[in-house]
Structures are given as C-alpha cells and as structure tokens.
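Novice: A predicted structure for the sequence below; I have some questions about it.
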Amino acid sequence: MSIWKRPIDLEALNATSKNTLIEHLAIQYTEVTENTISATMPVCSFTHQPLGMLHGGASVVLAETLGSVAANFCVEEGSYCVGLDINANHVRAMRSGHVIGTASPIHLGVSTQVWQISITDERERLVCTSRLTIAVKQKKGIKA
C-alpha cells in the first residue's frame, strides 16, 4: 500500500528544482516506489570539498531534499512539512561518479515524521546515512 497522498510525477518534480540549490547541485529525482523516493547527484567539482572528495554538506543537501519532498507528498491537502533536525554519518569517500539517495519513512505521524535517507555509490555501497525529522504544519486559515 502506497504512503503517498497524491501522485508524484518525476518530470514535474524535477521542473520544480529550477533556480534552486537542487538545480545548482544537479540533483535529479529518478524513482518513486510505494514507500521510497530516490534521486541522483554527481560527484564532481561543484560537489567536492577542497581535498577533492564529496562534500559532506552536499550529501546533507541531497538527504534533506529527498526527505522534505517525500514528507510533503505524505500529508493531506492543507498541510505542509519542514525540516526540524538532520544528522548524517559519512562512511565512504567519493571522488567521482554519482551518488544515489533513497528516502524511506521511519515514522509518519500527525505532527512529526522521521525519514531515513541512504546515500550509496553506483555499486550500492553506503556513502552516507542520514536521519531527518520533519514538522508537519497546517497552512494558515485551514483547520485540521
């Protein structure tokens, strides 16, 4: 059974990244399943830190992007989601290629959500694991 409250169109979702940090880092949404959403990000000069490896902050941007987007598709019309807390453990260095991030829910509550985001390399080896806590808010003037 799907966790999504409305359909997710990858082409339309990628179009929302225009003129944002997501576009600047070349993050592309690639797959939606019944309970996950995935995206890719290149490992190259604009995602590197000075030592020529994937910047941990770029991994966190990918994780928060996926978790926040996923969270917003899991709430009813009239609600929206924003990040409260994120942590990340960087377990493998990368110098080139692409990483693939996949967000899956740990908890989908009325006022909070918790998402696990695994970031792997092209050989499916773990690069970073992140946990994102989300606040579920109500749009002004709309009663739950």
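Specialist: That came through, no problem. Residues are numbered from 1 along each chain as shown.

Novice: pull the longest helix from this structure.
Specialist: helix 56-72 (DSSP state H).

Novice: which stretches of the protein aren't confidently modelled?
Specialist: Along the chain, the parts satisfying pLDDT under 70 run over 142-144.

Novice: so where do the strands sit in it?
Specialist: 28-32, 37-43, 79-90, 97-108, 112-120, 126-138 (DSSP state E).

Novice: Save these as CSV, and put in distance to residue 15 too.
Specialist: Every C-beta, even on glycine, is put in place using the N, C-alpha and C of the backbone. CSV is the format used below for those (distance: least, C-beta to C-beta, whole Å):
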stretch, distance to residue 15
strand 28-32, 10
strand 37-43, 14
strand 79-90, 19
strand 97-108, 19
strand 112-120, 22
strand 126-138, 23
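
Novice: nearest to residue 69, of these?
Specialist: With C-beta to C-beta as the measure, strand 37-43 is the member of those nearest residue 69 (6.4 Å).
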